[in-house]
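Novice: Sharing a model that was predicted from the sequence below.
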Amino acid sequence: AQKITQTQPGMFVQEKEAVTLDCTYDTSDPSYGLFWYKQPSSGEMIFLIYQGSYDQQNATEGRYSLNFQKARKSANLVISASQLGDSAMYFCAMRENTRSEKLVFGKGMKLTVNP
Amino acid sequence: GAGVSQSPSNKVTEKGKDVELRCDPISGHTALYWYRQSLGQGLEFLIYFQGNSAPDKSGLPSDRFSAERTGGSVSTLTIQRTQQEDSAVYLCASSLGTRNEQFFGPGTRLTVL
C-alpha cells in the first residue's frame, strides 16, 4: 500500500493566486514527520516545510503553509501568492516513525504558474 | 557555505560495467542518505549512514549495489554489473542528525546503454 499519496498529477494556477497541493499519508506510528520538497527543472530537491506529528500548530514558512489534518491523515501544502518561479514538481514525504530516518516520498505533482 | 555536491553529474555506461558515484555532504552533517529517482517518479530510498552506526541498507535493490562512507564524510555508491533498469538519477542528501530536514545534492544522472 502506498504510504504517501499525491493524487493530483498536475495543476495550473494564475500568478498571485493561492494553490493547495494535496497529500495523504499512512502510518500506524504516533510519532512521524511530514515534509514538502520542491524540484524545479534543474533537478535539485529543495526543502520547503516540515510538520511533526505532535506539533500543535500548522507549520508555516513564508508563503508556504501546511494544512495538517491529523485525523484525516492529510498534510496539504498551501502556497499563497503564487509566483512564476513556483512552477516545479512538488513532493510530499514522510519519516514514518522514530526508528527510521529514511524518507518515503509520494510520486509528486507538477505545478505550473501562468502569468 | 557549500551545499551537498555529487560527482559526476552525468554518467553513461555500458551494461555490465561497474560505476561509482560520489557524494560530498555538507560539512558537519552527520547523516547521509542515498535515494534513486527514476523518470517521472518519486524518490526511492537506498541507504542511510548516521555517524559510526551500522548503515541502514534496507532500500538497496540488489547485492549489486553497495555504499560506503569514509571518515564520516564522503560517500561512494557503487553499482556492479550495471543493468538498463539501473538508469536513474541518484540523489544524495545530508542532515545534521536524525529528525532534521535533509538537504539534497544535484544528483548524478546514470544512463546504462
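Specialist: Done, it's in. Numbering: from 1, shown residues only, chains lettered A, B, ... in the order given.

Novice: what about A:N76, distance to B:T13?
Specialist: Distance of A:N76 to B:T13, computed by Cβ to Cβ, to the nearest Å: 41 Å. C-beta coordinates here come from the backbone N, C-alpha and C atoms, glycine included.

Novice: If you could redo that for A:Q69, that was the one I meant.
Specialist: Distance, A:Q69 to B:T13, using Cβ to Cβ: 46 Å.

Novice: So for these two, which residue has more residues nearby?
Specialist: For A:Q69 versus B:T13, neighbours defined as other Cβ atoms under 10 Å in any protein chain shown are more numerous around B:T13 (16 against 11).

Novice: what residues are up against the more buried one?
Specialist: Residues in contact with B:T13, defined by Cβ atoms under 8 Å, 6 or more residues apart in numbering or on different chains, are B:V19, B:T82, B:L110, B:T111, B:V112, B:L113.

Novice: again with A:I4
Specialist: A:I4 sits next to A:C23, A:T24, A:Y25, A:D26, A:C92, A:A93, A:M94, A:V104, A:F105, A:G106, B:G42 when contact means Cβ under 8 Å, 6+ apart.

Novice: 10 Å instead?
Specialist: Counting by Cβ atoms under 10 Å, 6 or more residues apart in numbering or on different chains, A:I4 touches A:23-27, A:34-35, A:75, A:91-94, A:96, A:103-108, B:42.

Novice: Cool, thanks, talk later.
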